[in-house]
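J.: Have a look; sequence and predicted model below, questions after that.
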Amino acid sequence: MTDLIEGTLEKARAAIATHDLVAPDAAVLLMVSGGSDSTALAYLGAALREAGDVGPVAMLHVNHQLRGEDADADERFVAALAEALDIPLFICSIDIAAEAERSRENVEAVARRERYLAANEALRSMCQHEGRPLSEARIFTAHTADDRIENFYMRSIVGTGPGGFRSMLYRNGPVVRPLLDVTRDELRDYLSARESAGETVVRDEPGALWREDATNAHTDRFRAYVRHKIVPVAKEWNSALPEVLTRSMNLIADEDDMLQNMAEKLAEESAEWVAEDDTFGIDRSEGFRLLPAFGKAERPLQRRAVLRLLEAMLGPDARVEAASVEAVLAGFANGAPNSGYVTNIQYDLAVSANKRGVLVEPMAYFRARRKKNDREH
């Protein structure tokens, strides 16, 4: 049992070291829902703190108010867990259903957005209290190898670009995922091993070592369908699926990183933001221009560069459509700007081409320029 406990901790340490996820003295916020994965993350976070692998540790629990008394029981369980591990706890309650109705968005998308908004706010508060730099602080999530595999199949079904098959990043800004090389079964075995070894454990009111969300079994939800209907069949063909597919995704990630660096260099050298204010710098929401030299680059690099530029223009929460990227690239013909080309993308962006390059800007700006030109001529 001790070997299993230490082995799981070592896998987390290895991921942290290999991917340079966090400095030894950095503040860490653990996102803990109360499920098996995040409960294991809480114990592992406490162990990393005690070993000096990370700095001060706190926990965040977000009550989405979607499951009535079950959600409140989750909150009580996480509070007991934080107390047992002597970890400061932030609790945030948000009426996700009401917010989704107000914004007319998908409930899961709203929950995710609000969860990370709360996490960033809690991290700032923690850093102020602990006197630690926010730039080095990290948010730990409990995503596992199983989550990566589920994402892989989900994207296979609905479609994605080549980079999408790398699945989750080990680090995305302040958010890091130190358990991506560990499976859900391994984490559940880890929790059971802690109990058998007499280590600190917390049970919920019915006596379980973690909280089980019954909605995870509802196969009318896409992720649950993949988890219960597709992945088990793939494992029947190859029981080593988690190791094999994780290794494949890491290989894809290495090549994806290389191509992304090349695409970013292309954007830096052959694209420009159209507006610059002396006081506040570039306002990316006003658009960008792809210079004529951009048209000479290889198509795969062009796609990646345009995607990054559109994401920077529209903001991190925007969903950039593949058709929008292709519409921008259609502004070039035979490696040169296709003068006179005009189209609209993402509902309110205009794409136009002339000898100076291909311009992407808000539709209102495009119309204003057209009116001005008509008056002058």
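T.: Received the coordinates, thanks.
J.: Tell me how many other residues crowd Ala322.
T.: Number of residues near Ala322 (other CB atoms under 10 Å) recorded here: 12. Heads up, the C-betas are built off the backbone N, CA and C, glycines and all.
J.: Following element in sequence after the host helix or strand of Tyr153, please.
T.: Using DSSP states H and E, Tyr153 sits in helix 145-158. Using DSSP H and E, the helix or strand that follows helix 145-158 in sequence is strand 171-172.
J.: Each with direction, which strands does that following strand pair with?
T.: Its sheet considered, strand 171-172 pairs with strand 175-176 (antiparallel) by DSSP bridges.
J.: which outside residues touch the strand it pairs with?
T.: Strand 175-176 is contacted from outside by 16, 19, 21-22, 116, 119, 138-141, 170, using CB atoms under 8 Å, 6 or more residues apart in numbering.
J.: do the same with stretch 12-21
T.: With CB under 8 Å, 6+ apart, stretch 12-21 has contacts from 22, 44, 48, 53, 138, 170-171, 176-182.
J.: Could you rerun that using 6 Å?
T.: Stretch 12-21 has contacts (CB atoms under 6 Å, 6 or more residues apart in numbering) with 22, 44, 170-171, 176, 178, 181.
J.: mind showing which ranges of the protein have poor pLDDT?
T.: Counting by pLDDT under 70, the chain contains low-confidence ranges at 1, 162, 214-220, 276-283, 316-317, 372-377.
J.: can you map out the helices along it?
T.: Under the criterion DSSP state H, the chain contains helices at 2-18, 36-50, 69-85, 96-103, 107-130, 145-158, 184-196, 222-225, 231-237, 241-270, 299-314, 322-329, 363-376.
J.: isn't Ser352 right up against Thr343?
T.: No. If you go by CB atoms under 6 Å, Ser352 and Thr343 don't touch, sitting 8.2 Å apart.
J.: ok, back up a step: would you check which pair of the contacts of stretch 12-21 lies furthest apart?
T.: Greatest spacing in these, by CB to CB: Leu44 and Arg171 (17.0 Å).
J.: which of these two has more neighbours?
T.: Between Leu44 and Arg171, counting by other CB under 10 Å, Leu44 is the more crowded of the two (25 against 16).
J.: Quick one: residues contacting the more buried one.
T.: Residues in contact with Leu44 (CB under 6 Å, 6+ apart) are Ala12.
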